[in-house]
Every structure is written in structure tokens, then in C-alpha cells.
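J.: Based on what follows, work out the 3D shape:
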Amino acid sequence: MLSKKSLWTMGAGLAAAAVVVRRSQTQPLVPADERWLKVTVNREPGDMPADKLPSPLQDYGDRIETRVSAAPGDRGTELAVRLREPLPDVMGSVPARLAGLDPRQDLRRALRDAKALLEGGEVLEPDEPTTHDTPGGRLVGVLTRRARGEGVL
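T.: Below is the predicted model of the structure:
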């Protein structure tokens, strides 16, 4: 016989699966090549011409498309970029992302650095650790480096 806790856990899992299935049916999947990476910058749209981007994005040259528009709700400017060349199927895969081989990770990092330069004039980096290197510290280091390319920790 199943306990109440097991029944509640199974019910929550089924409900979550139903939500995922429902969402996948209502939202069309957009290929990774066609997705825009966006940030909202706390500046007026007129202050950011698309041809005068900060150096992290200028380094990409003609390899990226750029869009500058007013952010929703008058909250500054929305800066959007995407790669022009299509990605090979292998590059957009989860193993490529985990290995840090997805070129969108570098573009996402450059977009974040551009936002920091536009808003604050500099890119802040985490301080170097002052403790001994332990297995837990190494794991945190790997996750911190990976988070800048993925957008989350």
C-alpha cells in the first residue's frame, strides 16, 4: 500500500508533466538559430545606436544581427542579438552546452558584458577566492564560470 506522501508526490509529478505537455502543444518550438538573446538596458533608445555597440559585441562584426528597440513598459532599451550563421545540430545540443562548446554561450556572455558597459562603464568580475581549493570550491568555480554563458547559476 502506498503512503499519503507517495500519492502526493505522484500527483504533483503528473500535474507537472501535464503542464509541460500542454505548453509544448501550445508554443511552437523555435530553432536555436532563430532565437534572439535579449537584455534590457537602463538607457534611452536614442542613446544606443545599433552601429555603435560596446566592444564585446563589436568583436563579432558581421557574424551577428542586432536589434535595438524601446523596452516594454518604458523601462529603457531592449538590446537583442543573434548569430547569423546556422548552428550545426551538434552545437545546439545539451552535451555541447554542458561542455561549453555552444557558440551562443559566448554571445550571451558578450551581451551581458555589453549591458554592464552601457549601464556602469565597466564589467565587474567576481573576486579571486582567498580560501584553499577544495572539491566543493572547485564545483562552485565550475558553476560560476558556466553561469555566465548560460544566464543562470
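
J.: Let me see the ranges of the strands in the protein.
T.: Assigned by DSSP state E, the chain shows strands spanning 37-41, 64-70, 77-83.

J.: Parallel or antiparallel, list what pairs with the last one.
T.: Sheet neighbours of strand 77-83, with direction, are listed as strand 37-41 (antiparallel), strand 64-70 (antiparallel) (DSSP bridges).

J.: Tell me which residues of that strand come out buried.
T.: T77, E78, L79, V81, R82, L83 (16 or more other C-beta atoms under 10 Å). C-beta here means a position set from N, CA and C on the backbone, and glycine is covered the same way.

J.: just to revisit the earlier point, V123 is nearest to which of the strands paired with strand 77-83?
T.: Closest approach to V123 among the strands paired with strand 77-83 (C-beta to C-beta): strand 37-41, 13.3 Å.

J.: quick revisit: export the strands of the chain to TSV and tack on mean pLDDT?
T.: What follows is the strands of the chain, written out as TSV (pLDDT from 0 to 100):
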stretch	mean pLDDT
strand 37-41	89
strand 64-70	89
strand 77-83	89
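
J.: Turn those strands into CSV, columns for distance to V123.
T.: Below are the strands of the chain laid out as CSV (distance: least, C-beta to C-beta, whole Å):
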stretch, distance to V123
strand 37-41, 13
strand 64-70, 19
strand 77-83, 15
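
J.: what's the closest of those to D47?
T.: strand 77-83 (7.4 Å).

J.: Test for you: state the pLDDT assigned to R108.
T.: pLDDT, R108: 87.
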